[in-house]
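[1] have a look at this fold, sequence not included:
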């Protein structure tokens, strides 16, 4: 990170940010093209390592790339606040963001799929306990993104 003065390394501050936001952008490399997709997410931590979950239909570009190109980049941003000035160059903003990279895997195991879907629902609704029908579990594809690198920045 170029601006070390803006780097956030405090684990609690990073965790609070991830817990509050709703959208993660996943970036795929697709034969010379970059494809970035915003998706709702859920997450778990295990010994300080993050695993993000998102769900997709079992068809389409996102689904195919997630299966074929498992190395991805990701980004979460929020806490945006414009700061003003008397001239254009004095305008700026406050923000917080996370960028990183990791490896995607399609979840096949039903019990792990339920963990992923429940993490997504907890993130978006705040509610922890959900039931999932067999038909729904069969129709939806759930991916986990195991984070290999993560950095957080704020201003």
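    Looks like it arrived, so ask away. This is a predicted model, so every value here is computed, not measured.
[2] return the distance of the nearest residue to residue 30 once chain neighbours are set aside relative to residue 85.
    Using C-beta to C-beta, 6 or more residues apart in numbering and skipping the chain neighbours, the partner closest in space to residue 30 is residue 65 (5.8 Å). C-beta coordinates here come from the backbone N, C-alpha and C atoms, glycine included. Distance, residue 65 to residue 85, using C-beta to C-beta, to the nearest Å: 42 Å.
[3] check residue 53 too.
    Per C-beta to C-beta, residue 53 is found 41 Å from residue 85.
[4] which of those two has more neighbours?
    residue 53 (25 against 9; other C-beta atoms under 10 Å).
[5] is it true that that one touches residue 122?
    No. Residue 53 lies out of contact with residue 122 (C-beta atoms under 8 Å); the separation is 10.3 Å.
[6] what residues do these two have in common as contacts?
    Common neighbours of residue 53 and residue 122, counting by C-beta atoms under 8 Å, 6 or more residues apart in numbering, are residue 42.
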